[in-house]
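Trainee: Quick one, fold the following:
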Amino acid sequence: MAGSALLAAHAMLVGGAALAARCADSLYTSVGEAACKPVAVLDAGRRIVSGQGEFAFECQAPPGLKLFLVTDDARSWYALELKGKMHSLEQAIAYENPPGHFPNVGKGDRVEWRLENTSPVGLIFRTSYQSADASKSFSRLFAIDLRGEEPKLLGMASSNEAARAMIDRCKD
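Mentor: Below is the predicted model:
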């Protein structure tokens, strides 16, 4: 009996240390077709009217945030409502940092939210591209910081670990 109580106490200590060492948690939400609901009009840097060359969908997001998927014939991107203000990620995804042509988000069917004390501090999502000659396709993960007044692109990564490292602020 005393041995099992000691084992239980050790497990609690080890578990507590593991939790204290972790700097952020991940929450995954779906951006798949079934999980996102159509939006008729979206004002995200510019007015997007679904059915007039583009389509907008509201996808799942942590409380206090809204995530929108916007798509046209050649590309797709996200818009975020953060702290009551709408922010489009179109420029960053489609024009400023494309490592290829025809960027599209949502191919992975989910996004990763980084949470500190249950508050969203970052967003990680996959963007797919194709080469200029359309002979191959590839993808990158975008790491977005949500701590400020507007989302900030921290960079692109080839692995989830690298994208998380861009967002997480671990305390030593």
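
Trainee: From the contact counts, what lies against the longest strand seen in the chain?
Mentor: Longest strand in the chain by number of residues (criterion: DSSP state E): strand 119-130. Helices and strands touching strand 119-130, as assessed by 3 or more C-beta pairs under 8 Å, 6 or more residues apart in numbering; DSSP states H and E, comprise strand 101-105, strand 110-116, strand 137-145, helix 160-167. (C-beta placed from N, C-alpha, C; glycine too.)

Trainee: repeat that for 6 Å
Mentor: strand 101-105, strand 110-116, strand 137-145 (3 or more C-beta pairs under 6 Å, 6 or more residues apart in numbering; DSSP states H and E).

Trainee: Tell me which of those lies nearest to V39.
Mentor: Comparing the helices and strands packed on strand 119-130 by their distance to V39 (C-beta to C-beta), the top pick is strand 101-105, with 15.9 Å.

Trainee: re earlier: can you put the helices and strands packed on strand 119-130 in a markdown table and add distance to G84 and mean pLDDT?
Mentor: As requested, these are arranged in a markdown table below (distance: least, C-beta to C-beta, whole Å; pLDDT from 0 to 100):
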| stretch | distance to G84 | mean pLDDT |
| --- | --- | --- |
| strand 101-105 | 23 | 86 |
| strand 110-116 | 18 | 96 |
| strand 137-145 | 18 | 92 |
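
Trainee: Serialize the ones you listed to CSV and add fields for distance to M86.
Mentor: As requested, the helices and strands packed on strand 119-130 are exported to CSV (distance: least, C-beta to C-beta, whole Å):
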stretch, distance to M86
strand 101-105, 17
strand 110-116, 17
strand 137-145, 15
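
Trainee: Relative to R164, which of the ones you listed is closest?
Mentor: Of the helices and strands packed on strand 119-130, nearest to R164 by C-beta to C-beta is strand 110-116, at 6.5 Å.
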